[in-house]
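Asks: A predicted structure for the sequence below; I have some questions about it.
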Amino acid sequence: MYGSEAVAHDSERTAFRKAEKKYKLYCDHNKSSKKKKQPRPVDLSEVIDFKSILDSFNRNGELPPETFLSPCDFDRPVFCLESRPGFYFIPGAISVEEQCHWIRESLASFPQPPNRTNHNAIYGPIDDLFLAARERRVLVEENSSHTDGGSDSNSFACKVDGPIWKFSEEPGASSRGNMSKSMLASVLLRKLRWSTLGLQFDWSKRNYDVSLPHNKIPNALCQLAKKLAAPAMPLGEEFRPEAAIVNYFGLGDALGGHLDDMEADWSKPIVSMSLGCKAIFLLGGKSREDLPLAMFLRSGDVVLMAGEARECFHGVPRIFTDDENAEITPLELQFSDQDDLCFLEYIRTSRININMRQVF
Ligand code: SIN
């Protein structure tokens, strides 16, 4: 017991943990204001801003100390950091049209079975979660003896063994008096934290489970990843995306410091795309004791981590969902037609990260 307390106490003291705590969202209760919960102000003066670096580079060709341009042949500037070999930052690498496309895919297609999501453990595979949220459906636990879920055209069967969960159109499904458990699809969508594409990652074993059924990563995403990975690839080799993890962040969500170390060949990059609200990314060193660098990630930015950078702890302690700081105006303008309003409503207060990996 004392041992574990000591470990927890120690981990609070690492440089990485301190930076996470510095940037994390804390809300203060303000009795005098109508908005009771106010985000606590945070000092962002040390956060590297590659958008400003790009603007100033385009204006006068100058770069801050410690930052240099990758000599690769790419259609826009790719920035590197002296202190983090193998790390590449490509501001605005993905056009606004493409961002909208991948936001739609991340919500409507990527969580579809056989891809797995964080909801699988409780509900089994869920079909058409985004559609169900849009149609204000409710996921209801059925009596498990009802195995013929397909007979009702307004419902979709969701789990084969164990309890069966079905979407129902009935808004009052939870109050039918049969004590069924139920959950609004819109709440499940908000609680979506990850989905996995291609080879499925097993979070409990922290490894890829090649025995799990899976679809190939969509070709358009593979082609995009190949193009984006090029600055970080060994000469003459092409990136082969075999797995992707899609992370979904809402207000107050964070991704703790970690290493992506379950792939065989660290000379190949992790290709990481940001969509939606602005975030802070922490790039540490090989030990949690190393002081991390903080940088902004905006919608359309791409980060590559290869070679030595694969051994660096990294995480996302904060996303900004307020109008002033989220910086999603270009997406708001692009998502203008009626069909897109539900995507816009989601992404206004959320961030999506798609990170692609070559596993073998
Ligand atoms: C990750 O490190 O796995 C994701 C980073 C991000 O969300 O940008």
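Replies: That came through fine.
Asks: Report the closest residue of the stretch 201-350 of the chain relative to the ligand.
Replies: Across the stretch 201-350 of the chain, the shortest distance to the ligand (C-beta to the nearest ligand atom) belongs to V316, at 4.6 Å. For the C-beta atoms, the positions are set from N, CA and C on the backbone; glycine is no exception.
Asks: What count of nearby residues applies to that residue?
Replies: Close neighbours of V316, defined as other C-beta atoms under 10 Å, add up to 22.
Asks: Let me see the backbone angles for the nearest residue to it once chain neighbours are set aside.
Replies: In space, and not counting its chain neighbours, V316 is closest to L255: 4.3 Å by C-beta to C-beta, 6 or more residues apart in numbering. Per-residue torsions, L255: phi -120, psi 120 (degrees, to the nearest 10).
Asks: about what we covered before: and the residue of the stretch 201-350 of the chain closest to the ligand, what does it touch?
Replies: F249, A254, L255, A279, I280, F281, L282, L297, N353 (C-beta atoms under 8 Å, 6 or more residues apart in numbering).
Asks: residues in the stretch 251-360 of the chain within reach of the ligand, list them.
Replies: Residues of the stretch 251-360 of the chain lying near the ligand by C-beta under 6 Å from any ligand atom: L255, S272, S274, F281, L297, H314, V316, N353, N355.
Asks: Which two among those residues are spaced furthest apart?
Replies: Farthest pair in those (C-beta to C-beta) is S274 and H314. Separation: 13.1 Å.
Asks: re earlier: if I read this right, the residue nearest to V316 contacts F249, doesn't it?
Replies: Yes: counting by C-beta atoms under 8 Å, F249 is a contact partner of L255 at 7.4 Å.
Asks: nearest to S45, of the contacts of V316?
Replies: Nearest member of the contacts of V316 to S45, counting by C-beta to C-beta, is I280, at 12.6 Å.
Asks: L297 is in contact with the closest one, correct?
Replies: Yes: using C-beta under 8 Å, I280 is in contact with L297, at 7.4 Å.
Asks: can you give me the strands in the stretch 201-350 of the chain?
Replies: Counting by DSSP state E, counting those that start in this stretch, residue ranges of the strands within the stretch 201-350 of the chain are 201-202, 207-208, 243-249, 255-258, 270-276, 279-283, 293-297, 302-305, 314-319.
Asks: Please read the previous query as pertaining to the stretch 51-200 of the chain.
Replies: Using DSSP E, counting those that start in this stretch, strands in the stretch 51-200 of the chain cover 67-69, 79-81, 87-90, 116-117, 138-142, 164-168, 182-184, 194-198.
Asks: okay if I get the ones you listed as JSON lines plus distance to D28?
Replies: Formatted as JSON lines, those follow (distance: least, C-beta to C-beta, whole Å):
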{"stretch": "strand 67-69", "distance to D28": "35"}
{"stretch": "strand 79-81", "distance to D28": "34"}
{"stretch": "strand 87-90", "distance to D28": "32"}
{"stretch": "strand 116-117", "distance to D28": "33"}
{"stretch": "strand 138-142", "distance to D28": "35"}
{"stretch": "strand 164-168", "distance to D28": "39"}
{"stretch": "strand 182-184", "distance to D28": "30"}
{"stretch": "strand 194-198", "distance to D28": "30"}
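Asks: how about the residues of the stretch 251-360 of the chain next to the ligand in CSV, adding pLDDT?
Replies: Converted to CSV, these look like this (pLDDT from 0 to 100):
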residue, pLDDT
L255, 97
S272, 98
S274, 98
F281, 98
L297, 98
H314, 98
V316, 98
N353, 98
N355, 97
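Asks: The nearest residue to L25 once chain neighbours are set aside: how many residues sit nearby?
Replies: In space, and not counting its chain neighbours, L25 is closest to G252: 5.2 Å by C-beta to C-beta, 6+ apart. Neighbourhood size, G252 [other C-beta under 10 Å]: 13.
Asks: Next, give phi and psi for G252.
Replies: Backbone dihedrals for G252, given as degrees, to the nearest 10, come out at phi 80, psi -10.
Asks: Against T321, how distant is it?
Replies: 9 Å (C-beta to C-beta, to the nearest Å).
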